[in-house]
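>>> sequence? don't have it. structure:
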Ligand SMILES: Nc1ncnc2c1ncn2[C@@H]1O[C@H](COP(=O)(O)OP(=O)(O)OP(=O)(O)O)[C@@H](O)[C@H]1O
Ligand SMILES: [Mg+2]
């Protein structure tokens, strides 16, 4: 059974200047443990799709189902990591990562230890008691990932989480994040503008049309055995996916 099901969803935003349809009759299933990348033109409705799954936006038509249960609002099954880390400057790294658990009344000694362990595992042991201002951009994103994983979500939504980083840090984080998510067999949906990132991290790439978002094409990425995102870029089949997806996006400009 899929963990995430979008069943013929349509979303329309109502603004002062009128109505803007962001998603049109779109259906998508994501299986447990699957890593799906969403790519599409700017403003086509990618963030809206993640917000639907997170329960932050309601569809006008259709249904969103997560873990077999219709989504009626924000819920614990889904973790959302955004482009900007939204770390709070006045809280230490550890306290930032515990925020979600705190809100849920689950800041227990066992959970504090678990989160310390996550921070250490992701190279932030020395920064646990420091403030976000002391962290580099890559470290901040890692802390934001720990904060999201601390809630142990069944589904992880990643909205351009690396796009504000320099290229080298970005590649390094792609490696780390994909390793972490694969080890833990997490279900993840990544929105990115970067075709290479989309192909190298995912099991499947879904290409969206211009707004309102519909599915234009899907690619099952068969570059197995699974390697790191940097190694995958060097595999013979990689450039074919890159070219095809580039063409799908290009014809829409
Ligand atoms: N809260 C909102 N109110 C009104 N219109 C909105 C709202 N959020 C998004 N939109 C509009 O809906 C469309 C889709 O927006 P969305 O943010 O989902 O696109 P996106 O693909 O994530 O864009 P980007 O590539 O810039 O991140 C856009 O035209 C946007 O202007
Ligand atoms: Mg967006």
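Thanks, I have it. Since the model is a prediction, treat every value here as computed from it, not as a measurement. Ligands and ions are numbered 1, 2, ... in the order given.
>>> got a pLDDT number for the residue in the chain that ligand 2 sits nearest to?
Taking C-beta to the ion as the measure, the chain has residue 47 as its residue closest to ligand 2, at 3.2 Å. Heads up, the C-betas are built off the backbone N, CA and C, glycines and all. Turning to residue 47, the model gives it a pLDDT of 95.
>>> next: residue 223.
At residue 223, pLDDT is 83.
>>> next, count neighbours for it.
17 (other C-beta atoms under 10 Å).
>>> contacts only, for it.
Counting by C-beta atoms under 8 Å, 6 or more residues apart in numbering, residue 223 touches 199, 232, 235, 237, 238, 241.
>>> which ones are touching the last one?
Right, the one you point to is residue 241. Contacts of residue 241 (C-beta under 8 Å, 6+ apart): 199, 205, 219, 221, 223.
>>> so the last one belongs to a strand, correct?
Meaning residue 223. No: per DSSP: H, G, I helix; E, B strand; the rest coil, residue 223 lies outside any strand segment and is coil.
>>> of the contacts of residue 223, buried ones?
Burial by neighbour count, judged by 16 or more other C-beta atoms under 10 Å, picks out 199, 232, 235, 238, 241 from the contacts of residue 223.
>>> what's the closest of these to ligand 1?
Comparing these against ligand 1 with C-beta to the nearest ligand atom places residue 199 closest, at 18.0 Å.
>>> for the closest one, give me the pLDDT.
On the pLDDT scale, residue 199 gets 94.
>>> cool, residue 16 as well?
Note on residue 16: pLDDT of 89.
>>> regarding it, what are the backbone dihedral angles?
Dihedral pair for residue 16: phi -60, psi -40, per degrees, to the nearest 10.
>>> and the one 10 residues further on, by the same measure?
Its backbone dihedrals place residue 26 at phi -100, psi 130, with angles given as degrees, to the nearest 10.
>>> hang on, the earlier thing: which residues does the residue of the chain closest to ligand 2 contact?
Neighbouring residues of residue 47 by C-beta under 8 Å, 6+ apart: 159, 191.
>>> sweet, I'm off.
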